[in-house]
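Engineer: What shape does this take:
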Amino acid sequence: MGLLNHLAARIVILLLLSIISSPCFPQSEEANTYERSSIHVMMIKHLNQRFDDVIEQVFLQTPFPERFNDHNLGVKVVTFAEHKDDQSANIQSFADQVNLGQKMVAKWFNRDKQTGSFNMELIKERGLYNANQQQTNVARASIRGMALLEDAGELLIHNTYLVVNDIKYQSKGSRNTFLKTFASIFAGSVSQMQKALQSIGGFNVHVTTYLFRLRWNDDIANTFYQNYYTEDGDTDKDKVEAFKKDNQLFKMEFVGKAEAESKETHFKASKDPQALLLKVTTRTMDHNLASLQQIYPDFRIKAPLLSVDPLTADVGLKEDVTENARFEVLERVIDEQGKMSYVQVGLIKPVKGKIKDNRFMAEEDAESTVEATEFEKISGKDFYPGMLIREITE
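Structural biologist: Now for the predicted structure:
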């Protein structure tokens, strides 16, 4: 327990610095970064499949989903020797072979590749330690010590995911024309591409997205802190070597998958075919992320209330929000032991006709004018900006 107390003491100092240097009331920008899930996003490349190089080029240009922490491990594209309609077993085998779970943990604790030491800086940056609290809910730092470590495990590291996209392009026109056109899509001029694309007709994008989660619990955390954790200036070579050799403790576990296919799209009316393909691909992947959030509550995003008169939040069509959706309003509460939890204080629903189109490249759509989705209250009271909302299913 000595090491845990040492870590807790360091985090208490960080908390005090955060409270001293910050106003007591939550700001929308900070609330937007509060307690996000952390993800590493990849794609499966099928060698000798039509458009495989094109798909890879487009995928590498898709923007990272901004409502998540980027837990990028470097490798973005993976290829499997055996093609399967369901890629979950291939992905699981890949994750086990490269010890991906261990790499996820190493990134969380900023492991130094040369010394093997760790630190808590990324956890401080992403976690509860620099997030402003409602003043009445800021507990004494002496209470928060160990609770901060618990929060880090339950709310941050536990919500670490691998997202793998299996993308296929399909065309109504000549397969050879589609392939030849996009093989040099980033080298040719827009006018040249536009001319060549006239003969393709319609195309669509089919994406299957697989979701894996880092296995992290109290036993794993205790083993890590006691047997592997070592800091700069206090590096334990035995612990460093033990962490390197462990290929069993940190595992990625399959959560589920979602599939989506874009509506048929035509290039004829597009002034920028490259941007159109990027737009359709990104929106299809975003749709799958939204579907996975609907199915798996732990993966759902929490968004802050931006205002209360009217009630608004920065969620919308990208998250598949409809007028039939229902959201719980959550207040952060800290108990006498310093443990943070969430209490539902009300329910709200989107106002018809006032749902924001926040999909990728929505600014190109003339009808996209709503700046934030507006809600109406179903139940509850005393809402304030910075409270978190989360969609619920009935």
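
Engineer: CA atoms for contacts and neighbours, from now on please.
Structural biologist: Fine.

Engineer: And the one helix or strand Leu305 maps to, what does it pack against?
Structural biologist: Taking DSSP states H and E as the criterion, Leu305 maps to strand 303-308. Judged by 3 or more Cα pairs under 8 Å, 6 or more residues apart in numbering; DSSP states H and E, the packing partners of strand 303-308 are helix 28-32, strand 311-313, strand 388-392.

Engineer: Name the next helix or strand following the first one along the chain.
Structural biologist: So that's helix 28-32. Assignment by DSSP H and E places the next element after helix 28-32 at strand 38-44.

Engineer: Least reliable of the helices and strands packed on strand 303-308 by average pLDDT, please.
Structural biologist: Note on these: lowest mean pLDDT is at helix 28-32, with a mean of 39.

Engineer: CA atoms only for the longest helix seen in the chain - export them in CSV, please.
Structural biologist: Longest helix in the chain by number of residues (criterion: DSSP state H): helix 273-295. Written as CSV, here are the backbone C-alpha positions of helix 273-295 (Å, rounded to 0.1, in the frame of the first residue of the first chain):
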residue,chain,number,x,y,z
PRO,A,273,-15.1,14.0,-55.7
GLN,A,274,-12.3,13.4,-53.2
ALA,A,275,-14.1,15.4,-50.5
LEU,A,276,-17.4,13.6,-51.3
LEU,A,277,-15.8,10.1,-50.8
LEU,A,278,-14.2,11.3,-47.6
LYS,A,279,-17.5,12.7,-46.4
VAL,A,280,-19.5,9.5,-47.1
THR,A,281,-16.9,7.2,-45.6
THR,A,282,-16.6,9.3,-42.4
ARG,A,283,-20.3,9.6,-41.9
THR,A,284,-20.8,5.9,-42.3
MET,A,285,-18.2,5.1,-39.7
ASP,A,286,-19.7,7.8,-37.4
HIS,A,287,-23.1,6.1,-37.8
ASN,A,288,-21.6,2.8,-36.5
LEU,A,289,-20.1,4.6,-33.5
ALA,A,290,-23.5,6.0,-32.7
SER,A,291,-25.1,2.6,-33.0
LEU,A,292,-22.5,1.0,-30.7
GLN,A,293,-23.2,3.8,-28.1
GLN,A,294,-26.9,3.0,-28.3
ILE,A,295,-26.2,-0.7,-27.7
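
Engineer: packing partners for that helix?
Structural biologist: helix 52-59, helix 190-197, strand 202-214, strand 252-261.

Engineer: Out of these, which is the most enclosed?
Structural biologist: strand 202-214 (a mean of 22; mean count of other Cα atoms under 10 Å).

Engineer: If you count neighbours, what's buried in the following helix or strand past that strand?
Structural biologist: Where DSSP H and E defines the elements, the next helix or strand beyond strand 202-214 is helix 218-227. For helix 218-227, a neighbour-count test (16 or more other Cα atoms under 10 Å) marks Phe224 as buried.

Engineer: can you check stretch 99-110 too?
Structural biologist: Buried residues in stretch 99-110, counted by 16+ other Cα under 10 Å: 99-102, 104-110.

Engineer: Among those, which one lies nearest to Asp320?
Structural biologist: Met104 (28.9 Å; Cα to Cα).

Engineer: Relative to Val370, how far out is that closest one?
Structural biologist: Going from Met104 to Val370 by Cα to Cα, to the nearest Å gives 38 Å.

Engineer: same question, Leu388
Structural biologist: With Cα to Cα as the criterion, Leu388 and Val370 are 20 Å apart.

Engineer: Also Ile157?
Structural biologist: Ile157 sits at a distance of 35 Å from Val370 (criterion: Cα to Cα).

Engineer: what about those two, which has more around it?
Structural biologist: Ile157 (24 against 14; other Cα atoms under 10 Å).

Engineer: ok, how many other residues are close to the residue nearest to that one when sequence neighbours are not counted?
Structural biologist: Of all residues not flanking Ile157 in the chain, Trp216 sits nearest, at 6.9 Å (Cα to Cα, 6 or more residues apart in numbering). Trp216 is flanked by 20 other residues according to other Cα under 10 Å.

Engineer: same check, this time on Thr393
Structural biologist: Neighbours of Thr393 using other Cα under 10 Å come to 9.

Engineer: Surely it and Arg326 touch.
Structural biologist: Yes - with contact defined as Cα atoms under 8 Å, Thr393 counts as touching Arg326 (7.3 Å).

Engineer: distance of the residue nearest to the spatial centre of the chain from Thr160?
Structural biologist: For the chain, the residue nearest the mean C-alpha position is Phe68 (3.1 Å; Cα atoms, centre = their mean). Phe68 sits 10 Å away from Thr160, going by Cα to Cα.

Engineer: what do the two both touch?
Structural biologist: By the contact definition Cα atoms under 8 Å, 6 or more residues apart in numbering, Phe68 and Thr160 are jointly contacted by 37-39.

Engineer: Just give me the closest of these to Met285.
Structural biologist: Closest approach between the shared contacts of Phe68 and Thr160 and Met285, by Cα to Cα: Ile39, at 13.9 Å.

Engineer: What's the local residue count around the closest one?
Structural biologist: 24.

Engineer: residues touching it, list them.
Structural biologist: Contacts of Ile39 (Cα under 8 Å, 6+ apart): 68-72, 160-163.

Engineer: any weak-confidence spans in the stretch 201-350 of the chain?
Structural biologist: Scanning the stretch 201-350 of the chain for pLDDT under 70 picks out 201-202, 266-271, 337-338, 340.

Engineer: Please save the CA atoms from stretch 90-102 in PDB.
Structural biologist: Taking C-alpha atoms only, stretch 90-102 is exported to PDB below (Å, rounded to 0.1, in the frame of the first residue of the first chain):
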ATOM      1  CA  ASN A  90      -9.000 -12.100 -36.500                       C
ATOM      2  CA  ILE A  91      -8.900  -8.900 -34.500                       C
ATOM      3  CA  GLN A  92      -8.800 -10.800 -31.200                       C
ATOM      4  CA  SER A  93      -5.900 -12.900 -32.400                       C
ATOM      5  CA  PHE A  94      -4.000  -9.800 -33.600                       C
ATOM      6  CA  ALA A  95      -4.600  -8.000 -30.300                       C
ATOM      7  CA  ASP A  96      -3.300 -11.000 -28.400                       C
ATOM      8  CA  GLN A  97      -0.200 -11.500 -30.600                       C
ATOM      9  CA  VAL A  98       1.000  -7.900 -30.400                       C
ATOM     10  CA  ASN A  99       0.000  -7.600 -26.700                       C
ATOM     11  CA  LEU A 100      -2.200  -4.600 -27.600                       C
ATOM     12  CA  GLY A 101      -3.700  -4.400 -24.100                       C
ATOM     13  CA  GLN A 102      -0.300  -3.900 -22.500                       C
END
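
Engineer: No further questions, thank you.
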